[in-house]
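Visitor: Based on what follows, work out the 3D shape:
(one chain, ligands or ions: 1)
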Amino acid sequence: MAYARAHSPYYRDLYEQLPERVEDVALLPVTRKKDLMARFDDWVTDREVTIEKLRKFIEDPTRIGEKFLGKYVVATTAGTTGTPGIFVLDDRHKKMGMSALRQAFGKWLTFGDFMKVFGRGMRIAALHATGGHFVSVTTVTGMRRSSRIAARIIRDFSVHTPIPKLVAELNSFRPALIAGYATVVSMLAAEQEAGRLRINPVLLVVTAEGLPESEYDRIAKAFNAKVGNVWGSTELSGVAYSCEEGWLHVIEEWAMIEPVDAEYRPTPPGEQSHTVLVTNLANRVQPILRYDLGDRILQRHDPCPCGNPLPAIRVQGRAGEVLTFPSESGERVSIPPLAFEIDVPGLELVQVVQRAPTNIRVRLRLATGADLNGVWQGVQKELTGLLAEHKLSHVTVERAEEPPEQTAGGKYRTVIPLKTEEQR
Ligand SMILES: [Zn+2]
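Guide: Below is the predicted model:
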């Protein structure tokens, strides 16, 4: 707080009325992405960092994995809360991520498991939405560039790849570790069960997208492997890791979390919160203090039976829903929600609604001053391309008149699947 106040004009103004020393965190006003993004250049604590320079940096795909101004990792988020975010992350933040990961691996894997990972060539498959400046992409690309060993053992796999192709690629890579979005990993589990995917990983690390508990067991069983679950966000990094009891433990040295109701009053442990306020205790270049993340969480009121004394939570936030279409030969083809988070200039938010098995309606929200026809052409091109890649060219795409709809919790779902029995 002292650092933010001293170096960020935004926080200097926000905290103007507060005493020099604040002992109660609840006295600090809540921050929101929308307000912070609107005053980006004042929000950051390094005057060299400006939104204009960052936008130029992001628009250049050859610079993925490169450090901004030689010192910061840049990450972008799609706007599930309605505002796209751009985040600059410093070395302290990176250190937090690595330390949290080390802690998590130490809990998930036994010595014998580590030996198995070595025995299987230490190969790591990172599944994510490539083509963007998602932090996972920039981090993995950066790692691969910085070390020859890393370049050999870590490989990126795009979630935009049609499942049969992804399966073939993974079969030939034979990863010992897989990290990716829960929905994609869960689709891969179905491939492994069907015998098309034949890999032997020791551990699958999935990001918490709110899959039902039974789904994690199914993934573990399909691969005969351990499943680790991570919760976090771009602004926060992965700061909570699952234990064998199915709870996520928050690494308090790096992040503070406050479950709250719609009026930002504390939600007592044992009750579902409306949202969660997060504070990143590592990153100084772009302070995240009592920031409304939008995830609904439940904090345990009693100690977790696993013995870990860190706060234990469950997250109900980003339900990872998958759109499933019938192919022309009658098979079911699934596409994860992330693949629909397309990048089109002038597009602020997209929401894909499945109205019939082979029809999707697209709700758009445009940036101020953007031209609807131009944006729609771009969106159509991206979506028909995506569908064609999955051999779903018979699926029709139409533009909806209505804007994207919000959930009761104020979030925007990227996809809204068709809810009928035969689709399940
Ligand atoms: Zn636990």
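Visitor: which residues sit against the one helix or strand residue 55 maps to?
Guide: Following DSSP states H and E, one finds residue 55 within helix 51-59. Helix 51-59 is touched from outside by 40, 41, 63, 68, 69, 74, 76, 86, 88, 133, with contacts defined as C-beta atoms under 8 Å, 6 or more residues apart in numbering. C-betas here are computed from N, CA, C, even on glycine.
Visitor: any idea how far residue 52 is from the fifth one?
Guide: Right, residue 69. Applying C-beta to C-beta, to the nearest Å, the value for residue 69 to residue 52 is 13 Å.
Visitor: who's more crowded, the two?
Guide: residue 69 (14 against 9; other C-beta atoms under 10 Å).
Visitor: helix, strand or coil for the residue nearest to the more buried one when sequence neighbours are not counted?
Guide: Leaving aside its chain neighbours, residue 69 sits nearest to residue 48 (5.7 Å; criterion: C-beta to C-beta, 6 or more residues apart in numbering). Following DSSP: H, G, I helix; E, B strand; the rest coil, the label given to residue 48 is coil.
Visitor: The closest residue to residue 390 other than its chain neighbours and residue 128, how far apart?
Guide: Closest residue in space to residue 390, ignoring its immediate chain neighbours: residue 162 at 4.8 Å, by C-beta to C-beta, 6+ apart. Here residue 162 is placed at a distance of 16 Å from residue 128 (C-beta to C-beta).
Visitor: again with residue 161
Guide: For residue 161, the distance to residue 128 equals 11 Å [C-beta to C-beta].
Visitor: Residue 312 now?
Guide: Applying C-beta to C-beta to residue 312 and residue 128 gives a distance of 27 Å.
Visitor: rewinding a little: which one of residue 161 and residue 128 has more residues nearby?
Guide: In this view residue 161 and residue 128 are compared by other C-beta under 10 Å, and residue 128 has more residues nearby, 23 against 19.
Visitor: who are the neighbours in contact with the residue most central in space within the chain?
Guide: Centroid-nearest residue in the chain: residue 233, 5.6 Å away (criterion: C-alpha atoms, centre = their mean). Residues counted as contacts of residue 233 (C-beta under 8 Å, 6+ apart) are 77, 278, 293, 295.
Visitor: Relative to residue 297, how far out is the closest residue to the ion within the stretch 101-250 of the chain?
Guide: Nearest to the ion, among the residues of the stretch 101-250 of the chain, is residue 243, at 3.1 Å (C-beta to the ion). Noted for residue 243: a distance of 16 Å to residue 297, by C-beta to C-beta.
Visitor: Which one's more surrounded, the two?
Guide: residue 297 (25 against 20).
Visitor: My guess is residue 25 contacts residue 266. True?
Guide: No - Residue 25 is beyond contact range of residue 266, at 10.6 Å (criterion: C-beta atoms under 8 Å).
Visitor: Next, show the common contact partners of those two.
Guide: Common neighbours of residue 25 and residue 266, using C-beta under 8 Å, 6+ apart, are residue 258.
Visitor: mind listing the strands for the stretch 301-424 of the chain?
Guide: Assigned strands in the stretch 301-424 of the chain, in chain order: 312-315, 323-326, 332-335, 347-356, 359-366, 396-399, 415-416 (criterion: DSSP state E, counting those that start in this stretch).
Visitor: Then the stretch 1-150 of the chain?
Guide: Remark: strands assigned in the stretch 1-150 of the chain by DSSP E, counting those that start in this stretch are 73-77, 85-89, 124-128.
Visitor: Strand partners (parallel or antiparallel) of the first one?
Guide: Within its sheet, and counting by DSSP bridges, strand 73-77 is paired with strand 85-89 (antiparallel).
Visitor: now do the last one
Guide: Strand pairing for strand 124-128, using DSSP bridges, gives strand 154-158 (parallel), strand 177-181 (parallel).
Visitor: What's the local residue count around residue 380?
Guide: Applying other C-beta under 10 Å, we find 15 other residues in the vicinity of residue 380.
Visitor: mind checking how far it is from residue 418?
Guide: 20 Å.
Visitor: ok, now residue 62?
Guide: Using C-beta to C-beta, we find residue 62 at a distance of 39 Å from residue 418.
Visitor: For the two, indicate the residue with more neighbours.
Guide: Neighbour count, other C-beta under 10 Å: between residue 62 and residue 418, residue 418 has more, with 17 against 6.
Visitor: now the closest residue to the more buried one other than its chain neighbours, which residues is it bridged with?
Guide: Counting by C-beta to C-beta, 6+ apart, residue 418 lies nearest to residue 354, which is 4.1 Å off, once chain neighbours are set aside. Applying DSSP bridges to residue 354 gives these bridge partners: residue 360.
Visitor: Surely residue 354 and residue 400 touch.
Guide: No - checked against C-beta under 8 Å, the pair residue 354 and residue 400 is beyond contact range at 11.9 Å.
Visitor: Who has more neighbours out of those two?
Guide: Using other C-beta under 10 Å, the more surrounded residue of residue 354 and residue 400 is residue 354, with 21 against 16.
Visitor: Name all residues that make contact with residue 263.
Guide: Counting by C-beta under 8 Å, 6+ apart, residue 263 has no contacts.
Visitor: ok, now with 10 Å
Guide: Residues in contact with residue 263 (C-beta atoms under 10 Å, 6 or more residues apart in numbering) are residue 274.
Visitor: so residue 334 bridges to which residues?
Guide: residue 324.
Visitor: For it, give me the pLDDT.
Guide: Per-residue confidence (pLDDT) for residue 334: 80.
Visitor: That one: what's it in contact with?
Guide: Neighbouring residues of residue 334 by C-beta under 10 Å, 6+ apart: 163, 183, 184, 186, 187, 190, 322, 323, 324, 325, 390, 417.
Visitor: could you dump these to CSV with pLDDT, distance to residue 106 and neighbour count?
Guide: Below are the contacts of residue 334 laid out as CSV (pLDDT from 0 to 100; distance: C-beta to C-beta, whole Å; neighbours: other C-beta atoms under 10 Å):
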residue, pLDDT, distance to residue 106, neighbour count
163, 84, 33, 20
183, 76, 27, 25
184, 82, 25, 29
186, 84, 25, 24
187, 84, 29, 21
190, 88, 30, 16
322, 74, 32, 16
323, 84, 37, 23
324, 84, 38, 16
325, 90, 42, 22
390, 87, 39, 20
417, 83, 38, 17
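Visitor: Thank you, goodbye.
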